[in-house]
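*Asks:* Predicted model, plus sequence, below.
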There are 2 protein chains.
Amino acid sequence: MGRTTVQDVAREAGVSVATVSRALTGGTVSPSTREAVRAIAARLGYQPNRAARGLITGRTGNLGLIVPDLRNPFFADVAKGVTARARAVDHGVFITDTDEDPVAELEALATLGRNTDGVLLCSPRSADADLLTAADPERTVLLHRRVPGLPSVVADIAGGIRQAVRHLIALGHTRIAYVGGPEDSWAARQRLTVLTEVPEVLILDAVAPTFEGGLVAGDLVLAGPATAVLAYNDLVALGLLHRLAARGVAVPDRVSVVGFDDVSLAVMSHPPLTSVAVPKDRSGSVALDLLLGRTGAPVVLPASLVVRASSGVVRP
Amino acid sequence: MGRTTVQDVAREAGVSVATVSRALTGGTVSPSTREAVRAIAARLGYQPNRAARGLITGRTGNLGLIVPDLRNPFFADVAKGVTARARAVDHGVFITDTDEDPVAELEALATLGRNTDGVLLCSPRSADADLLTAADPERTVLLHRRVPGLPSVVADIAGGIRQAVRHLIALGHTRIAYVGGPEDSWAARQRLTVLTEVPEVLILDAVAPTFEGGLVAGDLVLAGPATAVLAYNDLVALGLLHRLAARGVAVPDRVSVVGFDDVSLAVMSHPPLTSVAVPKDRSGSVALDLLLGRTGAPVVLPASLVVRASSGVVRP
DNA sequence: GTGAAAGCGCTAACAA
DNA sequence: TTGTTAGCGCTTTCAC
């Protein structure tokens, strides 16, 4: 395996370890030496020990990514964006799945903060204050959440919601239900704030941000006068669709359903789900660039409504 | 942030760095000193630099996980199992998403091999020979694939298939279609081998192992005499369900559908999908233990059929 | 352009 | 029980 060290390469090449290092990292070396060293390194299958390098350069070449649940397609997409970009810029990514546990989150933040060049944090639930004390603003970027004092990459939720509402109103809907998510979630509070201002929207009870939550939501909606629903996210929307189907309610003829996030499942549902798309993998790569480039400005990515078959004109 | 080093702790505690190290890692220290050091370390927010530690111990405390696609719920589950177990045994996990690219896979194997204590590899497509040359058998565990000479954790596919077939036959089906996956995939070949032996099974063309592949598969099935289908995986089964619904074919009344893997989406489909469940997250944690314990024996995990509403008795 | 040597933060002998 | 010392593999002054 990669037991080969600079020493081995140096000996083989008949030069000093310093020269090997320079040849490989782009220092001042004669072209011929560089070539020779490169060739020998390749032949020996030399892989630099990043730990040793990091010890001296102060940069490990590694990043951390903390997510509440990898199984959630939303975060899987984010992770995909992060790892793809990281691979392109030759960085490793530590991924920690906290299993929605805020304590694990803070622990991960401490460990990763110490052992990486920076960390990308998806933390829907933790308190602002906890984040502020645990995260180094110089080396942390928040994803899909904003906390004053920390750099972040978020989507333009308000804009996305506006598109969704306008879409439904254009289809003739005047009573639009909103089924929200966990009150301790930043995104849920954010959505609620925006939707509370819209006169056509009826705020229903919040549900769990899952398929099961959506089942609950289905009954909630049918108990009211709404002809359209905005769901907290696509998982909830899927549960909703399921419940409506089970109760024999036609979608979109009797009720239109709009989800949030546009995860890959949205196209697989029956009917395919209209959803507010947020750039998930892109947010990951943008956040990574922000982290590495150390730009301080908060980034807002556009959200856009994707219309599919689950929303349609009102049928009286 | 974690700029604090052993030096700082030692100075503050009035002891040598060696004592700090011992106090923190469980060496021989007097209980009182240990307590004192621990307290000071905590107060200073000391986080050991794993890179430096690894340099000397030869163990980094980090593991690698290579998957073709994090967005695929199957691998998301595996990753979840790995990270959960890793967190329990206080290890970090580098995750590399190769985007189905075998070259990226081999590269990742080289880099991670050098910079971790071992790597867990999900490689459905690469050639046995490539894997054998790139992977150190001492520090690599294959997941959901078997290659002679490399330790691995796989599910009992054959057993799972047997259960599925018996289930369908018990329901009265005598013509069962099988829609396979990519021919270069180990799992696909494996399934094909088993199913070829079953007289009731009609082998149809292989399709892409995706929702879209399932759409194609739907038409393939309807063109034949089958009253039941076994799909390569749940994604394909979902596409199948979708296509059958679109063509007005009742499931399970006209056609029964059985998927593979039992990903979380299986319960969300309409109707909910009967599927051969393989222990995905468990496979991840078992593989991790195998890697860390250096047991050489190949591990086979049980697969079990989960019956839901997409399969039913034959209706003539 | 190249080499010798000094560490990065930590742990593991070896002494005391 | 504790301190001193020597590195782990690498990069980076500083000479040459």
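*Replies:* Yes, it's here.

*Asks:* Just the helices from chain A, written as ranges.
*Replies:* A:6-13, A:17-25, A:31-44, A:50-57, A:73-88, A:102-115, A:128-134, A:157-170, A:186-196, A:211-222, A:234-246, A:280-293 (DSSP state H).

*Asks:* and A:Ile95, which of these is closest to it?
*Replies:* helix A:73-88 (6.2 Å; CB to CB). Every C-beta, even on glycine, is put in place using the N, C-alpha and C of the backbone.

*Asks:* Any residue of that closest one touching chain B?
*Replies:* Yes - residues of helix A:73-88 contacting chain B under CB under 8 Å from any CB of the partner chain: A:Pro73, A:Ala76, A:Asp77, A:Ala79, A:Lys80, A:Thr83, A:Ala84, A:Arg87.

*Asks:* just stretch A:299-316 next, same as before
*Replies:* No - using CB under 8 Å from any CB, stretch A:299-316 stays clear of chain B, with a minimum separation of 10.8 Å.

*Asks:* Give the buried residues for that stretch.
*Replies:* Buried residues in stretch A:299-316, counted by 16 or more other CB atoms under 10 Å in any protein chain shown: A:Val299, A:Leu301, A:Ala303, A:Leu305, A:Val306, A:Val307, A:Arg308, A:Ser310, A:Ser311, A:Gly312, A:Val314.

*Asks:* Name the nearest residue to the fifth one, sequence neighbours excluded.
*Replies:* It stands for A:Val306. A:Ala277 (4.8 Å; CB to CB, 6 or more residues apart in numbering or on different chains).

*Asks:* Does that neighbour have any beta-bridge partners, and if so which?
*Replies:* A:Ala277 has the following beta-bridge partners by DSSP bridges: A:Asp261, A:Ser304.

*Asks:* Surely it touches A:Pro302?
*Replies:* No - counting by CB atoms under 8 Å, A:Ala277 does not reach A:Pro302; the two are 9.3 Å apart.

*Asks:* count of neighbours near A:Arg139?
*Replies:* Neighbour count for A:Arg139, taken as other CB atoms under 10 Å in any protein chain shown: 19.

*Asks:* what's near enough to touch it?
*Replies:* A:Gly113, A:Thr116, A:Asp117, A:Gly118, A:Val119, A:Leu291, B:Met1 (CB atoms under 8 Å, 6 or more residues apart in numbering or on different chains).

*Asks:* Out of these, the closest to DNA strand D would be?
*Replies:* Within those, proximity to DNA strand D (CB to the nearest atom of the strand) peaks at A:Asp117, which comes in at 13.8 Å.

*Asks:* Can you pull the phi and psi angles for the closest one?
*Replies:* phi -80, psi -10 (degrees, to the nearest 10).

*Asks:* before we move on, back to that, and the residues of helix A:73-88 next to chain B as TSV, adding neighbour count, pLDDT and distance to DNA strand D?
*Replies:* Compiled in TSV, the residues of helix A:73-88 next to chain B are given as follows (neighbours: other CB atoms under 10 Å in any protein chain shown; pLDDT from 0 to 100; distance: CB to the nearest atom of the strand, whole Å):
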residue	neighbour count	pLDDT	distance to DNA strand D
A:Pro73	25	96	38
A:Ala76	27	97	33
A:Asp77	23	97	33
A:Ala79	27	98	28
A:Lys80	20	97	29
A:Thr83	28	97	23
A:Ala84	19	96	24
A:Arg87	20	94	19
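
*Asks:* quick one on the thing from earlier: please identify the most buried of the helices of chain A.
*Replies:* Burial of the helices of chain A is given as mean neighbour count (mean count of other CB atoms under 10 Å in any protein chain shown); helix A:234-246 ranks first at a mean of 25.

*Asks:* any idea how chain A splits into domains?
*Replies:* A:6-57, A:62-155+A:281-301, A:157-279 (automatic domain parsing).

*Asks:* mind checking which of those is nearest DNA strand C?
*Replies:* Judged by CB to the nearest atom of the strand, the one of these that comes nearest to DNA strand C is domain A:6-57, at 3.3 Å.

*Asks:* anything in the closest one sitting right up against DNA strand C?
*Replies:* Yes - Domain A:6-57 is in contact with DNA strand C by CB under 7 Å from any atom of the strand, via A:14-19, A:22, A:27-30, A:32-33, A:52, A:55-56.

*Asks:* which residues touch the residue of the stretch 51-200 of chain A found nearest DNA strand D?
*Replies:* Evaluated by CB to the nearest atom of the strand, the stretch 51-200 of chain A has A:Ala52 as its residue closest to DNA strand D, separated by 3.2 Å. Counting by CB under 8 Å, 6+ apart, A:Ala52 touches B:Ala51, B:Leu55.
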